[in-house]
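Trainee: kindly generate the corresponding structure for this input.
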Amino acid sequence: LIKSNRDQCVFTEDGFIYLFDKLSADSLKRFWRCKYKHECKARVHTEIDSLDVLKRINEHTHDSEAAKVEVTVAINRLKNRAAETVEPTSTVINECISRLSEAAKVGNTIIFFSFKC
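Mentor: Just a heads-up that it's a prediction; the model follows:
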């Protein structure tokens, strides 16, 4: 699990991003909806603790965004690491960028310099 810029729980799978919607009535499952909730009706149900996918509802109406997911995860790691270290910010950023795939670096590296902590 990662956090969005608005401090919302985010689940990623197969290059798609899901936002937490609600818990099941028995509180044993988490219900997630595609981040493009107005255009895409895809949903996923997961175990509460392990996050194993139990059920998929509807197909996505858009392509996956594997590179964007990778960058989102990297930004979350960057924020966590920056909060826990005394290393210079440039060192932390450069190390996080160096771990990205080439697909994620192309067109996305600038995101690292524009996100809000």
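Trainee: per-residue confidence for the residue nearest to S64 when sequence neighbours are not counted?
Mentor: Spatially, and ignoring its direct neighbours in sequence, S64 is nearest to G15 (3.0 Å; Cβ to Cβ, 6 or more residues apart in numbering). Backbone N, C-alpha and C define where each C-beta goes, glycine included. With respect to pLDDT, G15 has a value of 87.
Trainee: next one: S24
Mentor: On pLDDT, S24 comes in at 94.
Trainee: hang on, it packs against F31?
Mentor: Yes: counting by Cβ atoms under 8 Å, F31 is a contact partner of S24 at 6.7 Å.
Trainee: intersection of neighbour lists for the two?
Mentor: H45 (Cβ atoms under 8 Å, 6 or more residues apart in numbering).
Trainee: of the two, which one has the most company?
Mentor: Neighbours were counted for S24 and for F31 using other Cβ atoms under 10 Å; F31 has more, 16 against 12.
Trainee: now that one: how far from V71?
Mentor: F31 is 25 Å from V71, where distance means Cβ to Cβ, to the nearest Å.
Trainee: re the thing from before, wait, doesn't the residue nearest to S64 sit right on A66?
Mentor: Yes: look at G15 against A66 with Cβ under 8 Å: they come within range, at 3.6 Å.
Trainee: may I see the buried residues of the lengthiest helix in the chain?
Mentor: Scanning the chain for the longest helix, with DSSP state H as the assignment, gives helix 66-84. Neighbour counts over helix 66-84 (16 or more other Cβ atoms under 10 Å) mark A67, K68, V69, E70, V71, T72, V73, A74, I75, L78, K79 as buried.
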